[in-house]
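In: when you get a sec, could you give me coordinates for this:
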Amino acid sequence: MKTYNFYAGPAILAEEVKKQAAQAALEYENTGLSLMEMSHRSAEVTAIMEEAVALTRELLNIPEGYRVLFLQGGASLQFYMTALNLLDSGKTAAYVDTGAWSKKAIKEAKRCGGVDVVASSSDKNYNYIPKNIDVPASAPYVHITTNNTIFGTQFQEIPDFDVPVVADMSSDIFSRPIDVSKYDVIYAGAQKNMGPAGATLVIVREGALGKVTRELPSMLDYRLFIEKNSLFNTGPVFSIYVSLLTLRWIKKNGGVEGMVNRNTEKANLLYEAIDNHPLFYGTAAKEDRSKMNVCFLLHEPSRSDEFLSACADAGIVGVKGHRSVGGFRASIYNAMDLAGVRQLVKVMESFQ
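Out: A predicted model of the protein is given here:
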């Protein structure tokens, strides 16, 4: 029986990506070596890095003046690293609080300077995206989390802020086109839409750097990684390679424009099933529903285990909701195909 992976992360990878990665783990391109054994400064790994950067630039239409980095530490390190590089002591950055990950970003930024939480949806357990956000013109940047995996909300459109924007796009990067010129920094952990855990994508505008007065540790200075083409130290080579395979797969399947159509069809099918079912209901405000993480509950919570058991019998894993919301969460990232969503909908329809 086929297994359908709805986990929020580390998340589903395309089948062809996993097969190619498995081969590279054994032997990479007739070198006699596993990719995991090869020097990060070898010609083969240099070529992987260069193609991964080039494909990222192509798929996201990244303009001149921006650099693409592959780092480590996940979004959790970027919560601090972005503020360390952009928020000087005595300055106050603006943050939009839309859930657990933005709260963590706020906590880390306070280590570097002032933080003004200019909008929050905490009053309704983060089930919506704040509107009409007012950001002080003095703020060096405003930080947003574009998609909220735990609460199932997503910025459908990015507001036109009058200050630079820093965005955590860990869970919806490459799922839709973005105007990179609107941002000073975009960062994303790989393990949702881009690859396995271990690599972190950072897209940074070079002109935004070098403005803080503090001395930066080498491992936390974007400028050093730009100078060394992400290879200041030994990077997560295998994770970057699997990310490259995923970027190739995205391009092959129509690029980010193709992913929009794919993801919209899946989300519409699943939300329609939730809205039309007498036993289920969604948790997020309809206008802010995520196309990546679909959160829903049972009107009869006591039957939750029964539904999870029915899912398991149908080969569906990873749909138990986060403890902050409860219920169920179906993560339908790029690599989840329509058949998986149809299988989940079939189980829902048979659940009486």
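In: number of nearby residues for Val325?
Out: Neighbour count of Val325, defined by other CB atoms under 10 Å: 20. The C-beta positions use only the backbone N, C-alpha and C, and glycine is treated the same way.
In: same thing with Leu231?
Out: Leu231 has 16 neighbours, counted by other CB under 10 Å.
In: so is the residue nearest to it when sequence neighbours are not counted in a helix, a strand, or just coil?
Out: Nearest residue to Leu231 in three dimensions, chain neighbours excluded: His40, at 5.9 Å (CB to CB, 6 or more residues apart in numbering). Using DSSP: H, G, I helix; E, B strand; the rest coil, the structure places His40 in coil.
In: how close does His40 get to Asn193?
Out: 24 Å (CB to CB, to the nearest Å).
In: could you do Val115 as well?
Out: The spacing between Val115 and Asn193, counted by CB to CB, is 28 Å.
In: these two: which is more packed in?
Out: Taking neighbours as other CB under 10 Å, Val115 and Asn193 compare with Asn193 leading, 28 against 22.
In: would you double-check that the more buried one falls in a strand?
Out: No - counting by three-state DSSP, Asn193 is not found in a strand; it is coil.
In: show me where the stretch 151-300 of the chain has its helices.
Out: 222-227, 237-252, 255-276 (DSSP state H, counting those that start in this stretch).
In: contact partners for His143?
Out: His143 makes contact with 82, 93-96, 102, 105-106, 109, 165-168, according to CB atoms under 8 Å, 6 or more residues apart in numbering.
In: can we see that at 10 Å?
Out: Contacts here follow CB atoms under 10 Å, 6 or more residues apart in numbering; on that basis His143 touches 79, 82-83, 86-87, 93-97, 102, 105-106, 109, 115, 118, 164-168, 185.
In: let's verify Ala137: helix, strand, or coil?
Out: Three-state assignment for Ala137 (three-state DSSP): coil.
In: and for it, the neighbour number?
Out: For Ala137, using other CB under 10 Å, the count is 6.
In: same deal with the one 10 residues further on?
Out: When neighbours are defined as other CB under 10 Å, Asn147 has 28 of them.
In: contacts only, for Gly74.
Out: Per CB under 10 Å, 6+ apart, neighbours of Gly74: 170, 187-191, 197-200.
In: any idea of the pLDDT on it?
Out: Looking at Gly74, its pLDDT stands at 97.
In: how much space between it and Gln23?
Out: 26 Å.
In: and what of Tyr183?
Out: Plainly put, Tyr183 is 36 Å away from Gln23 if you go by CB to CB.
In: quick one, which of the two is more surrounded?
Out: It is Tyr183, of Tyr183 and Gln23, that has more neighbours when counted by other CB under 10 Å, with 23 against 13.
In: all strands for the stretch 201-350 of the chain, in order.
Out: Applying DSSP state E, counting those that start in this stretch to the stretch 201-350 of the chain gives strands spanning 280-282, 293-298, 316-317, 328-331.
In: and Ser239, which of those strands is closest to it?
Out: Ser239 lies closest, by CB to CB, to one member of those: strand 328-331, at 19.3 Å.
In: would you mind writing the CA trace of that closest one as CSV?
Out: Output of strand 328-331 as CSV, limited to C-alpha atoms (Å, rounded to 0.1, in the frame of the first residue of the first chain):
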residue,chain,number,x,y,z
PHE,A,328,-5.7,17.6,12.2
ARG,A,329,-3.2,19.2,9.9
ALA,A,330,-2.5,18.1,6.3
SER,A,331,0.6,19.6,4.9
